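all I have is the shape, not the residue letters:
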């Protein structure tokens, strides 16, 4: 049975790395002492080692050990053998390119669909959707495809931001961008605000955290859903 | 001789379409009464016809006629025969995909390098750079390449936004995104604020408008340049 947390962000303002969600993660990872970390999104371009150290420090608070997938000579085997997986945030294009390059797309799908607990934050959440076409990231590398893991039947927009009505900036708002997505694509998009996450258990999908999320469906006006809303039928 | 205007935006806050730059465009297009418009970036997903109407209305104020490239049965010939070209803003991925699909990349390069005056705004400016890897847009379609027209030896970041120091949002600032670009790429990036443009005449490139621009070079701290700065040596 699928067991996934798809989080908008690793860190909420004024709080430490993963702090806001740590008690949830303690339960989520209760059967795994060791977590396989995917550092490929490299936030700010930091090294795989440096990023893995951040994840190690964060998870040490709930007594989990972390090992970066880059430390394994055979990353595909590392995914197959993992007791739990965490893909951290950073740049979604870089992450996606690296997953394709290391031939990890199919093994990750298989592992997570078979029940290996998976935590994604930000870029690590984007790749849970059907495609990465609703990422906010800059396309600094060219991946061989925008198709992602498709662990859920919609797309994620992490770090969802409401329009700033006081802004004089003429660039598109997030809502405008997602509406443009629906000119060319039909899957729903969940705008996850920082502090929200989706809890996926089998085919059951629930919005968690204290915030509402914004849902964008093809040919429908966008709408808000409360925390604890069951989103299992969204497709 | 190349003759290009690379503008951050079509519209500045509180002003009409192209209004802030109209007197400049009157001079720039003095030898062309008819301008070929490329509407493929489709801002907000509007149709090619609707977008072309906006450009027509804008340019009617300086007595120019506009024809959309989609109105021609042979768009490659339309580019070859154009007296002047304007590529409007919208989604850079959509624009790029359409240019590849319509086999317009090489003809556009050739026309502009041979002296056909070219105006780009926003997405139409992004494609003047080496690649579209520094666009702010959402990757709602998958183009066959991120390589762009390469009319200048660097990349453009239009609608450049300074970090909002009061924000509690945890997403990356524009500066952080461009720094991440330089982890994987070496060309310089010009962050063009709304109201700025680059004037390209042959190999001479000058920053125009009233604002400073922010320059990001590989392995160097970012720096500001004043309006009228000669950027011809940036590569």
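Now that the structure is in, tell me what you want to look at. Model, not experiment: these values are computed from the prediction.

list the contacts of residue A:153.
A:130, A:187, A:234-235 (C-beta atoms under 8 Å, 6 or more residues apart in numbering or on different chains). Quick note: C-beta positions are derived from backbone N, CA and C, even for glycine.

quick one, strands of chain A?
With DSSP state E as the criterion, chain A has strands at A:3-7, A:34-38, A:65-68, A:85-87, A:118-121, A:155-157, A:189-191, A:197-201, A:204-208, A:213-216, A:223-225.

contacts only, for the residue located most distally from the centre of chain A.
Within chain A, residue A:168 marks the point farthest from the mean C-alpha position, 30.7 Å out by C-alpha atoms, centre = their mean. Residues in contact with residue A:168 (C-beta under 8 Å, 6+ apart) are B:13-14.

need the pLDDT of it.
Here, the pLDDT recorded for residue A:168 equals 82.

distance of it from residue B:129?
Going from residue A:168 to residue B:129 by C-beta to C-beta, to the nearest Å gives 25 Å.

check the nearest residue to residue A:66 once chain neighbours are set aside and give its pLDDT.
Using C-beta to C-beta, 6 or more residues apart in numbering or on different chains and skipping residues adjacent in sequence, the residue nearest residue A:66 is residue A:56, 4.5 Å away. Note on residue A:56: pLDDT of 98.

would you mind giving the strands of chain A as a markdown table with mean pLDDT added?
As requested, the strands of chain A are arranged in a markdown table below (pLDDT from 0 to 100):
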| stretch | mean pLDDT |
| --- | --- |
| strand A:3-7 | 98 |
| strand A:34-38 | 98 |
| strand A:65-68 | 98 |
| strand A:85-87 | 98 |
| strand A:118-121 | 98 |
| strand A:155-157 | 97 |
| strand A:189-191 | 98 |
| strand A:197-201 | 98 |
| strand A:204-208 | 98 |
| strand A:213-216 | 98 |
| strand A:223-225 | 98 |
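
next up, the contacts around the most centrally placed residue in chain A.
Central residue of chain A (C-alpha atoms, centre = their mean): residue A:125, 0.9 Å from the mean position. By C-beta under 8 Å, 6+ apart, the contact list for residue A:125 reads A:6-8, A:89, A:156, A:158, A:192.

buried ones among the residues you listed?
A:6-8, A:89, A:156, A:158, A:192 (16 or more other C-beta atoms under 10 Å in any protein chain shown).

quick check: longest helix of chain A.
helix A:48-60 (DSSP state H).

list the buried residues for it?
A:48, A:51-52, A:54-56, A:58-59.

with stretch A:211-222 instead?
So stretch A:211-222, judged by 16+ other C-beta under 10 Å, has buried residues A:211-217.

hmm, back to that, and the gap between the residue nearest to the centre of chain A and chain B?
13 Å (C-beta to the nearest C-beta, to the nearest Å).

bridging residues for the nearest residue to that residue once chain neighbours are set aside?
Once flanking residues are discounted, residue A:125 sits nearest to residue A:6: 4.5 Å by C-beta to C-beta, 6+ apart. Under DSSP bridges, the beta-bridge partners of residue A:6 are residue A:120, residue A:198.

contacting residues around residue A:6?
Going by C-beta under 8 Å, 6+ apart, residue A:6 touches A:120, A:125, A:128, A:152, A:156, A:192, A:197-198, A:200.

do the same with residue A:200
A:2-6, A:151-152.

with respect to residue A:138, which of those residues is nearest?
Among the contacts of residue A:200, residue A:6 lies closest to residue A:138 (C-beta to C-beta), at 21.6 Å.

ok, the closest one to residue A:24 distance?
Residue A:6 is 12 Å from residue A:24, by C-beta to C-beta.

what is in contact with the two at once?
residue A:197.
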